[in-house]
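>>> Kindly generate the corresponding structure for this input.
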Amino acid sequence: MSIPQSGGGPIERHEQLAEYLADGCKPKEDWRIGTEHEKFGYCKDTLKPLPYAGERSIEAVLTGLRDSYGWAPVTEAGNLIGLEKDGANVSLEPGGALELSGAPLETIHETCDEVNTHLREVKDIADKIGVGFIGLGAAPEWQHEQMPLMPKGRYRLMNDYMEKVGTMGRAMMRRTCTVQVNIDFGSEADMVQKLRVALALQPVATALFANSPFFEGKPNGHKSWRSYIWRHLDDARTGMLPFVFEEGFGFERYVEYALDVPMYFVYRNGAYINALGMSFRDFLKGELPALPGETPLLSDWADHLTTAFPEARIKKFMEMRGADGGPWRRLCALPAFWVGLTYDQTALDAAWDLVKGWDADTREGLRIAAAEHGLQAKVNGISMHELSREVVAISESGLKARQRPGAGGLVPDETHFLNALKDSLDSGNVPADELLARYDGAWEGDLSRIYSEFAY
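Next up is the predicted model:
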């Protein structure tokens with residue numbers, strides 16, 4: 001999850017809220033790729049999740065990365081809660097999952113090198129202390145009580161609030177992991193087209209990357225239980241944002257949506273001030289009960305934008321949020337998938353032509369069916385398998401058009417990063433299908449084998 005934002009003076013005009021988003025517009029030559037991924041840590045001998053502190057712990061992994069690989073520490077209230085280096089961050093999810101928020105990079109080759117380097121560093125430290133890490137969309141066996149809340153003020157506030165809205169908020173915080181990619185936009189019109197494509201095709205990413213068929217020790221009836229959890233989190237801040245497809249949508253309309261998302265907190269002087277359920281609109285008027293008479297800073301607006309969790313969202317860039325955490329190959333496939341679709345105009349136009357006739361019910365139906373059935377989903381005559389095949393082909397054409405070579409020019413473009421997805425299209429099976437086949441077959445229902453066979 002996001003770290004506190006910084007910079008920016010007081011908000012004195014309503015227009016500054018949309019201007020903040022518009023300031024993210026960049027010329028195409030400055031577009032970058034930011035890959036984020038989360039993974040669960042566990043003790044190798046007990047197969048239990050890591051505590052925050054101790055000999056085998058999240059703190060020990062962070063300390064090892066700091067001391068052995070030159071990461072700078074990030075602390076809160078005296079606790080080591082993250083690391084920074086070269087534009088990248090390592091941070092903690094509420095239940096102790098470890099996240100890499102990668103630096104903004106020019107090519108998939110570079111972002112995949114970054115992922116590979118990070119996982120090698122983490123494995124080196126983890127092996128020394130008897131710890132493992134695994135990429136899944138949801139914790140396969142662990143109960144809520146086994147996953148201690150990490151020592152971050154933001155998480156303590158969210159944890160209390162989550163029980164009052166929806167049914168799955170605390171499960172999301174502690175027991176889900178994702179892989180995301182952040183992309184840039186060039187103008188308001190470009191943002192609109194990209195966000196519409198992103199939301200409409202997020203179910204394709206959910207299906208192709210589905211990797212959470214187990215929960216609390218048994219199959220859960222879904223290919224992506226993580227997606228199910230997000231659907232039952234908090235209707236005020238999640239979902240497919242039907243208004244994005246309405247005539248006249250732009251930065252200002254997104255501002256109005258975000259203003260209606262209830263607040264979590266205000267960050268001041270290193271502390272999180274409880275503003276749970278309060279209104280940013282009241283904050284703009286100096287009427288926030290948590291800080292009476294005080295009006296927000298731009299950094300408060302930036303923080304607030306991180307507390308809306310739709311399937312795709314905008315800040316000064318766009319986040320694609322529909323995929324489960326997964327195996328090593330797919331951590332590079334996700335940025336390739338979305339960059340191919342959105343960074344070449346011909347591919348973006350083709351993707352929009354594919355989805356522009358869908359209504360809100362179709363988009364939501366695909367979202368639900370993708371979580372339940374993966375590539376076997378069918379909605380209103382749309383086959384997810386065939387749709388995914390067409391979308392991956394468009395992405396591949398976009399990557400070819402980008403002509404970004406790697407390996408010193410030996411690799412002509414970035415299309416090979418889609419190979420993991422093309423394998424799924426050929427077989428009809430996504431990672432969840434492979435896990436279920438092993439569970440029903442060679443594992444004979446012994447889910448503990450998932451750790452040794454699928455750890456990084």
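
>>> How about the contacts made by Y254?
A18, L21, V244, I314 (Cβ atoms under 8 Å, 6 or more residues apart in numbering). For the C-beta atoms, the positions are set from N, CA and C on the backbone; glycine is no exception.

>>> Nearest to R404 among the residues you listed?
Distances from those to R404 were compared by Cβ to Cβ; the smallest belongs to I314, at 24.4 Å.

>>> what are the phi and psi angles of that closest one?
Torsion angles at I314 (phi, psi; degrees, to the nearest 10) stand at phi -120, psi 150.

>>> and which of the contacts of Y254 is nearest W358?
Nearest to W358 among these, counting by Cβ to Cβ, is V244 at 12.4 Å.

>>> before we move on, the earlier item: out of the contacts of Y254, which two sit at the greatest distance?
Farthest apart among these by Cβ to Cβ are A18 and V244. That separation is 14.9 Å.

>>> more crowded one of the two?
Using other Cβ atoms under 10 Å as the criterion, A18 and V244 rank with V244 on top: 20 against 17.

>>> Against P335, how distant is that one?
Distance, V244 to P335, by Cβ to Cβ, to the nearest Å: 22 Å.

>>> The stretch 101-250 of the chain: strands as residue ranges?
131-134, 178-183, 214-215, 218-219, 238-239 (DSSP state E, counting those that start in this stretch).

>>> so what's the residue lying farthest from the centre of the chain closest to, chain neighbours aside?
The C-alpha centroid of the chain is most remote from G293, which lies 35.3 Å away (Cα atoms, centre = their mean). Spatial nearest neighbour of G293, excluding adjacent residues (Cβ to Cβ, 6 or more residues apart in numbering): G286 at 5.4 Å.

>>> burial measure for the one you found, as a count.
12.

>>> Equivalent analysis for the one 4 residues further on, please.
For A290, the tally of surrounding residues (other Cβ under 10 Å) stands at 16.

>>> The nearest residue to it once chain neighbours are set aside: neighbour count?
Using Cβ to Cβ, 6+ apart and skipping residues adjacent in sequence, the residue nearest A290 is A275, 4.3 Å away. Counted with other Cβ under 10 Å, residues neighbouring A275 total 22.

>>> try E247
Neighbour tally, E247, other Cβ under 10 Å: 4.

>>> What is the longest strand that the chain contains packed up against?
Counting residues, the longest strand in the chain under DSSP state E turns out to be strand 33-43. Packing partners of strand 33-43 (3 or more Cβ pairs under 8 Å, 6 or more residues apart in numbering; DSSP states H and E): strand 98-101, helix 108-128, strand 131-134, strand 178-183, helix 328-342.

>>> buried sites along the last one?
Right, the one you point to is helix 328-342. Within helix 328-342, the residues that count as buried by 16 or more other Cβ atoms under 10 Å are 328, 330-342.

>>> And the residue nearest to L375 when sequence neighbours are not counted, how close does it get to L435?
With sequence-adjacent residues excluded and distances taken as Cβ to Cβ, 6+ apart, L375 is closest to H385, at 4.4 Å. Separation of H385 from L435 (Cβ to Cβ) stands at 19 Å.

>>> likewise V204?
20 Å.

>>> quick one: the helix or strand of the chain with the lowest mean pLDDT to chain centroid distance?
Taking mean pLDDT, DSSP states H and E as the measure, the helix or strand of the chain with the lowest value is helix 153-162, at a mean of 90. Centre-to-centre, helix 153-162 and its host chain are 19 Å apart (Cα atoms, centre = their mean, to the nearest Å).

>>> Only C-alpha atoms, please: export it in PDB.
Extracted in PDB, the C-alpha atoms of helix 153-162 (Å, rounded to 0.1, in the frame of the first residue of the first chain):
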ATOM      1  CA  GLY A 153      -0.500   3.900  11.900                       C
ATOM      2  CA  ARG A 154      -2.400   3.800   8.600                       C
ATOM      3  CA  TYR A 155      -3.100   0.100   9.000                       C
ATOM      4  CA  ARG A 156      -4.300   0.400  12.500                       C
ATOM      5  CA  LEU A 157      -6.900   2.900  11.500                       C
ATOM      6  CA  MET A 158      -8.000   0.900   8.400                       C
ATOM      7  CA  ASN A 159      -8.200  -2.300  10.400                       C
ATOM      8  CA  ASP A 160     -10.800  -0.800  12.800                       C
ATOM      9  CA  TYR A 161     -12.800   0.800   9.900                       C
ATOM     10  CA  MET A 162     -12.900  -2.300   7.700                       C
END
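
>>> which outside residues touch it?
1, 4, 76-77, 94, 149, 169-170, 172-173, 233-234, 264-265, 271-272, 274, 276-277.

>>> If any of those are buried, put those into a ChimeraX selection.
Per 16+ other Cβ under 10 Å, the buried members of the contacts of helix 153-162 correspond to this ChimeraX selection:
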select :1,4,76,94,149,169,170,172,173,233,234,264,265,272,274
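
>>> Any chance you could list what contacts stretch 336-354?
Contact with stretch 336-354 is made by 28, 31, 33, 108, 181, 183, 193-194, 196-198, 201, 205, 208, 320, 387, 390-392, 394-399, 401-402, 414-415, 417-418, 421, as judged by Cβ under 8 Å, 6+ apart.
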